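Engineer: got a predicted structure here, sequence first:
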Amino acid sequence: MPDWVHPAAILILGSVLVPFFKGRVKKVYLLVLPALAFLSVLTMSEGTYGVYHFLGQEITFGRVDKLSLAFAYIFTIVSFIGMCYGLHVREDGHHIASLVYAGSAMGVVFAGDFLTLLVFWEFLAFSSVFLILYRRTRAANNAAFRYILVHAFSGVCLMGGIFLQYTQTHSLAFNLVDLSGLAGGLIITSFIINAAVPPLGAWLPDAYPEATVTGAVFMTAFTTKSAVYVLARGFAGAEILIWLGTIMAVYGVVYAVLENDTRRLLAYHIVSQVGYMVAAVGIGTEMAVNGATAHAFAHILYKALLFMGAGSVLYMTGRSKLTELGGVYKTMPITFMLYMVGGFAISSVPLFSGFVSKSIVVSAAAESHLPWVWLFLTLASAGTFLHTGLKLPYFMFMAKDAGIKAKEPPTNMLVGMGLAAFLCIFIGVYPKFLYNLLPYAIDYRPYTPEHVVWTLEILLLTWLGFYIYIKKLGGESTISLDTDWFYRKGARHFMWVADRAIAAADTVVGEGYKTVVLASSIRTASGSLKFDLGIIDGMVNGVASTVLNLSSRMRRVQTGQLQHYAVAIMIGLFVLLNVVFFLL
């Protein structure tokens, strides 16, 4: 009996058997796999497991400590919730991709060396792209293509950084990375691409809204939070992350203001919320790393819940634009209430999970004497409530009735949402549960009178602003340009250059080759042929003719009479004896 079972092995290898089950047995099996993965994490002890030697290096599949365990717990929990939410999905390939994706994230979390990290990093990218492709729309196919190109570039950066790191240190161990060299620069570039840090993060709001209803739930949990984990593991205290994270927090909120698509609006708020985590990793103190971990834990739950709510509306109505929705709460009241739990959690309303996690990051900024960071993170929190907690639910569920006849989604979807909503409230009411999982000991009390009053004042002022400007905050049928515009347009121009300029140049070069090189080659070959036929063959034929004539004459010497041969021998001996006497 092994003393340690990798949860990634349970999820990835278990996915192979999915097509062999049918009906209810398959549904039970899909829930058993993440449940077993959770039990595997629950029974782990801190230490190092799964160590192998390869090319003189230690390959470590299981580095288990408080940091990796915290992320492993939430990854397995959300895997179970996501599977429950997606039990109605019929495509086996979709379930397999979901399980491999979740397992790959677990592999990243427990990787103790760069080689193992790279392998699971690539699995993370290539398994998740199928959750977009299974949408089976042209927009989804295009988004998936752009998504995999960006993440392939991320993998190339990571591979190059690992190679340089190994040449410098002769070690593949994944610990704190020196950011001063090119190796560290390439590695952190790969990490911040997956964390969706602007200007390298436009892939997220481009791809997530085009994923399947269930696939988007999984995608909100793993890619960006795996990136937060590796940043905390390899670059805690890197000052550049403070400012990148702060920019992210504001950037995502600003773009959410402009969005009309429900899931794209929520995607931009992923960028904003991950910004808090990136900034906390950059601050690098124990409190800040605790804050990044706690907020990642809470964020995975409430963001999954928000995407499940918006996805349920899309699944039941076929619509995702705020300008096309309204009045849905009448026919989907349970979905509406569950969504609002997620809205309150992300907005840091007291008694919900975001209140007890996000405030750790903000407090860490204040304790580190970073007033501008504290200010912008506070403003971003207000903006989050404005759009995710007020604007989106109002125009999606309430507002003017659009006359949409819908009903509640399937029971499994409501159960998945209910589980996430329960945990959002449970953590908010009992934060000690979350704090006990954090990598460092923490003595933080979120429910102080000052903190509660200050938060409620911000929320009240935000609600007042929404009430006053409600008519101007509605969605508009417009397209927001993000940094992906550059590579979208750049790709079009590249294809134009390839079709026109490069093709024309290829024609000119081809004709020049035919005229100069090929013609010269033909003339040279013709001359060589004439030389071969006229001189070489003549010499060979002449030698052959001479040999034939000589052999013909030699034949005449052979008369067949014995006396002639005896005379020839005597003459030969006479000549030989004369030669010998002459030499002596």
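Structural biologist: Alright, I've got the coordinates. Fair warning: this is a prediction, and the values are worked out from it, not measured in the lab. Numbering: from 1, shown residues only.
Engineer: what helix or strand does residue 364 sit in?
Structural biologist: helix 353-367 (DSSP states H and E).
Engineer: mean confidence for that helix?
Structural biologist: Predicted confidence along helix 353-367 averages 94 (mean pLDDT).
Engineer: ok, now stretch 98-113?
Structural biologist: Stretch 98-113 shows a mean pLDDT of 96.
Engineer: okay, now the closest residue to residue 62 other than its chain neighbours: neighbour count?
Structural biologist: Distances taken as C-beta to C-beta, 6 or more residues apart in numbering place residue 49 nearest to residue 62, at 3.4 Å, with adjacent residues excluded. Placement of C-beta: from N, CA and C, glycine included. By other C-beta atoms under 10 Å, the residues close to residue 49 number 18.
Engineer: how about the one 3 residues further on?
Structural biologist: Residue neighbour count, defined by other C-beta under 10 Å, stands at 11 for residue 52.
Engineer: run through the bridge partners of it.
Structural biologist: Here residue 52 sits in beta bridges with residue 59, going by DSSP bridges.
Engineer: any idea how far it is from residue 122?
Structural biologist: Distance of residue 52 to residue 122, given as C-beta to C-beta, to the nearest Å: 19 Å.
Engineer: if we can go back for a sec, the residue nearest to residue 62 reaches residue 64, doesn't it?
Structural biologist: Yes. Between residue 49 and residue 64 there is a contact under C-beta atoms under 8 Å: 6.6 Å.
Engineer: what's the overlap in contacts for those two?
Structural biologist: Both residue 49 and residue 64 are in contact with residue 4, where contact means C-beta atoms under 8 Å, 6 or more residues apart in numbering.
Engineer: may I have the secondary structure class of the closest residue to residue 400 other than its chain neighbours?
Structural biologist: Spatial nearest neighbour of residue 400, chain neighbours left out: residue 326 (4.8 Å); criterion: C-beta to C-beta, 6+ apart. Secondary structure for residue 326, judged by DSSP: H, G, I helix; E, B strand; the rest coil, is coil.
Engineer: okay, now residue 326: neighbour count?
Structural biologist: Applying other C-beta under 10 Å, I find that residue 326 has 19 neighbouring residues.
Engineer: report the contact partners of residue 194.
Structural biologist: Going by C-beta under 8 Å, 6+ apart, residue 194 touches 121, 124, 151, 154, 223-224, 226-227.
Engineer: let me have the residues you listed in CSV, adding neighbour count and secondary structure as columns.
Structural biologist: Output for those, formatted as CSV (neighbours: other C-beta atoms under 10 Å; DSSP: H, G, I helix; E, B strand; the rest coil):
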residue, neighbour count, secondary structure
121, 25, helix
124, 25, helix
151, 23, helix
154, 24, helix
223, 28, helix
224, 27, helix
226, 26, helix
227, 25, helix
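Engineer: identify, from the residues you listed, the entry nearest to residue 395.
Structural biologist: residue 224 (25.9 Å; C-beta to C-beta).
Engineer: just give me the neighbour total for residue 333.
Structural biologist: As a burial measure, residue 333 scores 12 neighbours (other C-beta under 10 Å).
Engineer: any idea how far it is from residue 339?
Structural biologist: Residue 333 sits 11 Å away from residue 339, going by C-beta to C-beta.
Engineer: just to revisit the earlier point, tell me the two of the contacts of residue 194 that are most distant?
Structural biologist: By the measure C-beta to C-beta, 121 and 224 form the most distant pair in the contacts of residue 194, at 13.3 Å.
Engineer: looking at the chain, which helix or strand is least sure?
Structural biologist: For the chain, counting by mean pLDDT, DSSP states H and E, helix 484-497 ranks last in confidence among helices and strands (a mean of 62).
Engineer: domains of this structure?
Structural biologist: Domains of the chain are assigned by automatic domain parsing as 1-235, 239-478, 488-574.
Engineer: of those domains, which shows the lowest average pLDDT?
Structural biologist: In terms of average pLDDT, domain 488-574 trails the rest of the domains of the chain, at a mean of 66.
Engineer: still on that earlier bit, who does the helix holding residue 364 touch, helix- and strand-wise?
Structural biologist: helix 262-283, helix 286-317, helix 333-346, helix 371-384, helix 411-429, helix 432-435, helix 449-468 (3 or more C-beta pairs under 8 Å, 6 or more residues apart in numbering; DSSP states H and E).
Engineer: what's the following helix or strand after the strand or helix carrying residue 191?
Structural biologist: Using DSSP H and E, the element containing residue 191 is helix 182-194. Sequence order places helix 203-207 as the next helix or strand after helix 182-194, per DSSP H and E.
Engineer: just the buried residues of that following helix, please?
Structural biologist: By 16 or more other C-beta atoms under 10 Å, the buried positions in helix 203-207 come out as 203-207.
Engineer: what about residue 142, how many residues nearby?
Structural biologist: Residue 142 is flanked by 15 other residues according to other C-beta under 10 Å.
Engineer: ok so, going back, quick one: contacts for the residue nearest to residue 62?
Structural biologist: Neighbour list for residue 49: 3-4, 6, 60-62, 64 [criterion: C-beta under 8 Å, 6+ apart].
Engineer: and those residues, which are buried?
Structural biologist: 4, 6, 60-62, 64.
Engineer: quick one: which of the residues you listed sit in helices?
Structural biologist: Nothing among the buried ones among the contacts of residue 49 maps onto helices, per DSSP state H.
Engineer: distance to residue 23 added to the residues you listed, as JSON lines?
Structural biologist: Putting the buried ones among the contacts of residue 49 into JSON lines (distance: C-beta to C-beta, whole Å) gives the following:
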{"residue": "4", "distance to residue 23": "34"}
{"residue": "6", "distance to residue 23": "29"}
{"residue": "60", "distance to residue 23": "40"}
{"residue": "61", "distance to residue 23": "35"}
{"residue": "62", "distance to residue 23": "35"}
{"residue": "64", "distance to residue 23": "37"}
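Engineer: restricted to strands, list those.
Structural biologist: Among the buried ones among the contacts of residue 49, the residues falling in strands (DSSP state E) are 60-62, 64.
Engineer: tell me the helices and strands packed up against the strand or helix carrying residue 69.
Structural biologist: Per DSSP H and E, residue 69 falls inside helix 66-85. Here helix 66-85 touches helix 7-15, helix 23-42, helix 92-110, helix 213-234, helix 286-317, helix 411-429, going by 3+ C-beta pairs under 8 Å, 6+ apart.
Engineer: who wins for proximity to residue 132 among these?
Structural biologist: The closest of these to residue 132 is helix 213-234. By C-beta to C-beta, the value is 6.7 Å.
Engineer: then the closest one to CSV, C-alphas only?
Structural biologist: The C-alpha coordinates for helix 213-234 follow below in CSV (Å, rounded to 0.1, in the frame of the first residue of the first chain):
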residue,chain,number,x,y,z
VAL,A,213,-21.3,26.6,-19.5
THR,A,214,-19.6,23.9,-17.3
GLY,A,215,-16.1,24.4,-18.8
ALA,A,216,-16.0,28.0,-17.8
VAL,A,217,-16.6,27.1,-14.2
PHE,A,218,-13.5,24.9,-14.2
MET,A,219,-11.5,27.5,-16.0
THR,A,220,-12.2,30.1,-13.4
ALA,A,221,-10.6,28.0,-10.8
PHE,A,222,-7.3,26.5,-12.1
THR,A,223,-5.2,28.4,-14.6
THR,A,224,-4.9,31.8,-12.9
LYS,A,225,-4.8,30.4,-9.3
SER,A,226,-2.1,27.8,-10.3
ALA,A,227,-0.2,30.9,-11.5
VAL,A,228,-0.7,32.6,-8.2
TYR,A,229,0.6,29.5,-6.4
VAL,A,230,3.8,29.3,-8.5
LEU,A,231,4.3,33.1,-8.1
ALA,A,232,4.0,32.7,-4.3
ARG,A,233,6.4,29.7,-4.5
GLY,A,234,9.0,31.3,-6.7
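Engineer: and the angle from it to helix 66-85?
Structural biologist: Angle, helix 213-234 to helix 66-85, by axes from the mean of the first three to the mean of the last three C-alpha atoms, to 10 degrees: 180 degrees.
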